[in-house]
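**Q** from the sequence below, what's the structure:
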Amino acid sequence: MATNKSTDRQAREARDRLRRYQARQTVYEHGRRRRTRDNIVAIAGVLTVAALVAGAQLYYFNGGPGTPTPAPTPTATATAESQNVGDVPDPSVAEGRTWTGTLTLNDVPLGISLDGALAPQAVASFVTSAQDGYYVDKTCHRLVSSATAGLIQCGSFDGTGAPDPSFSFGPVENAAVGGVYPAATIAMARGGGDAYSNGRQFFIVFSDATLPDDAAGGYTVVGTVTSGLDQLAAQIGSGGVIPGANGPTDGAPVVATSITGLTIQ
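**A** Alright, predicted model coming up:
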């Protein structure tokens, strides 16, 4: 009988160990499945957040409010030189130096000085055109005589002030500070809002002029009148204006004016 009791006890103990082992295995398996499920949920959450962030960035920078302004890619046709029209001389023609000469309007000789260092492209154009004989006999088609400006404009290819479709260049160089062009300034005329519409037309300021900048900036100051300005103002400027489309103070000069001579060196 003692042997049977011992055997029964051992059997019970074995069954108890088996139940405890199975219980531990059940707890372990439940924990493992729960950890796997939690990991899957966490990974899915991370992926969802990443997708939302990526989508937001794509919207913001591709059509949304943060879309960057496209920067032009430099190409052979987008350089400053390619925007010039016609046989525009290289700025190196100006030699980075001061050019001097005499510009005669009617019988008024004006000593002039051109700054090839500060306005190399415009000076190169002016000097080349002068050497080619372009300016002689061209008219001065416009006179402005107002409280804010006194100037005469010359050099139009057809005498009307229309731009020359076969010749234009840019950019604006050496523009006046604050739009104030002092008396004796020689500056290039151009079309409104277009920095590459400089041509062969220029204007001479005989009394301080205020010319506000436009979308393209100011006007290229190419040089100065060094002598004869008072005589110009007295003989031509004070002669008055034939009222034009821009009002009674802006039109053709009453004293018909042309370029009768130009020497430069």
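**Q** isn't Val144 up against Thr249?
**A** Yes - in this structure, Val144 is within contact of Thr249 by CB atoms under 8 Å, at 6.4 Å. (Glycine included, C-beta is placed from N, CA and C.)
**Q** okay, and the common contacts of these two?
**A** Val241 (CB atoms under 8 Å, 6 or more residues apart in numbering).
**Q** between those two, who's got more neighbours?
**A** Val144 (25 against 17; other CB atoms under 10 Å).
**Q** for Ser207, see how far away that one is.
**A** 10 Å (CB to CB, to the nearest Å).
**Q** likewise for Val255?
**A** 16 Å.
**Q** higher neighbour count, the two?
**A** Ser207 (18 against 15).
**Q** beta partners for the more buried one?
**A** Gly150 (DSSP bridges).
**Q** hmm, it is touching Gly150, no?
**A** Yes - between Ser207 and Gly150 a contact is recorded at 3.3 Å, counting by CB under 8 Å.
**Q** need the residues touching each of those two.
**A** Common neighbours of Ser207 and Gly150 (CB under 8 Å, 6+ apart) are 183, 233, 237.
**Q** of those, which belong to helices?
**A** If you go by DSSP state H, those have Ala233 in helices.
**Q** out of the shared contacts of Ser207 and Gly150, which one has the weakest pLDDT?
**A** Checking pLDDT across these, the minimum falls on Gly237 at 92.
**Q** identify the residues contacting the nearest residue to that one once chain neighbours are set aside.
**A** Among residues not flanking Gly237 along the chain, Phe206 sits closest, at 4.9 Å (CB to CB, 6 or more residues apart in numbering). Counting by CB under 8 Å, 6+ apart, Phe206 touches 150-152, 183-184, 229, 232-233, 237.
**Q** quick one on the thing from earlier: buried subset of the shared contacts of Ser207 and Gly150?
**A** 183, 233, 237 (16 or more other CB atoms under 10 Å).
**Q** tell me the one of the residues you listed nearest Thr102?
**A** Ala233 (17.5 Å; CB to CB).
**Q** check contacts around that closest one.
**A** 150, 206-207.
**Q** now swap in Gln265 and tell me
**A** Gln265 neighbours (CB under 8 Å, 6+ apart): 99-101.
**Q** and the strands in the stretch 101-250 of the chain, which stretches?
**A** 108-115, 142-145, 150-154, 180-181, 185-188, 202-207, 209-210, 221-227, 241-244, 247-253 (DSSP state E, counting those that start in this stretch).
**Q** let's have those strands in a markdown table, adding distance to Val88 and mean pLDDT.
**A** Output for the strands of the stretch 101-250 of the chain, formatted as a markdown table (distance: least, CB to CB, whole Å; pLDDT from 0 to 100):
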| stretch | distance to Val88 | mean pLDDT |
| --- | --- | --- |
| strand 108-115 | 17 | 98 |
| strand 142-145 | 24 | 96 |
| strand 150-154 | 20 | 97 |
| strand 180-181 | 24 | 98 |
| strand 185-188 | 13 | 98 |
| strand 202-207 | 16 | 97 |
| strand 209-210 | 27 | 96 |
| strand 221-227 | 15 | 98 |
| strand 241-244 | 30 | 94 |
| strand 247-253 | 29 | 95 |
